[in-house]
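[1] Dropping the sequence and predicted coords here.
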Amino acid sequence: MKRTLMVFVAAGLLVGILGTSAGADQHIPLHPHMLVLGIEFDGEEPVGYEKCIDLAANNKLPLTAHHSALHVGTGGEALLNHAGHIVVPGAPVSPWANCEELIGFFFPEG
């Protein structure tokens, strides 16, 4: 499962690198977002979650500077560290298009 955590980190880094400013956001393709609530970790490995929500009905969202803040910046850190939630960008920015694909990858046993 450490590999899966690294995929989370890699996706976040990709978005962070590409989305460091509002100007850089215009180079990121439109994509949906998934909100994973209540992520549980066993050390570094994600072992459970409460719920996954396809934000905005899984529609692609207009680009703004949210990438540098929410996915990997202080907003994203606070969301994970204080609430146990994470916002994951969808395809084509990451390999997953929706919650079903994301959860199926990280938690294939259900």
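    Thanks, I have the structure now.
[2] Tell me where the model's unsure across this protein.
    Within the chain, the stretches with pLDDT under 70 are 1-26, 61-72, 110.
[3] Let me know how buried His85 is, in neighbour terms.
    Using other Cβ atoms under 10 Å, His85 has 19 neighbouring residues. C-beta: built from backbone N, CA, C; applies to glycine.
[4] so what's it up against?
    Going by Cβ atoms under 8 Å, 6 or more residues apart in numbering, His85 touches Leu35, Val36, Leu37, Gly38, Ile39, Leu79.
[5] Now rank those residues by neighbours and give me the top one.
    Val36 leads the contacts of His85 on contacts (other Cβ under 10 Å) with 22 neighbours.
[6] which stretch of helix or strand covers that one?
    Secondary structure from DSSP states H and E places Val36 in strand 33-37.
[7] Which elements pack onto that strand?
    In terms of contacts (3 or more Cβ pairs under 8 Å, 6 or more residues apart in numbering; DSSP states H and E), strand 33-37 is packed against strand 51-54, strand 86-89, helix 99-106.
[8] and the closest residue in space to Leu80 that isn't next to it in sequence, how many neighbours?
    For Leu80, ignoring the flanking residues on the chain, the nearest one in space by Cβ to Cβ, 6 or more residues apart in numbering is Ile86 at 5.3 Å. Look at Ile86: counted by other Cβ under 10 Å, it has 20 neighbours.
[9] Pick the most buried one from the helices and strands packed on strand 33-37.
    Among the helices and strands packed on strand 33-37, judged by mean count of other Cβ atoms under 10 Å, the one packed with the most neighbours on average is strand 86-89 (a mean of 22).
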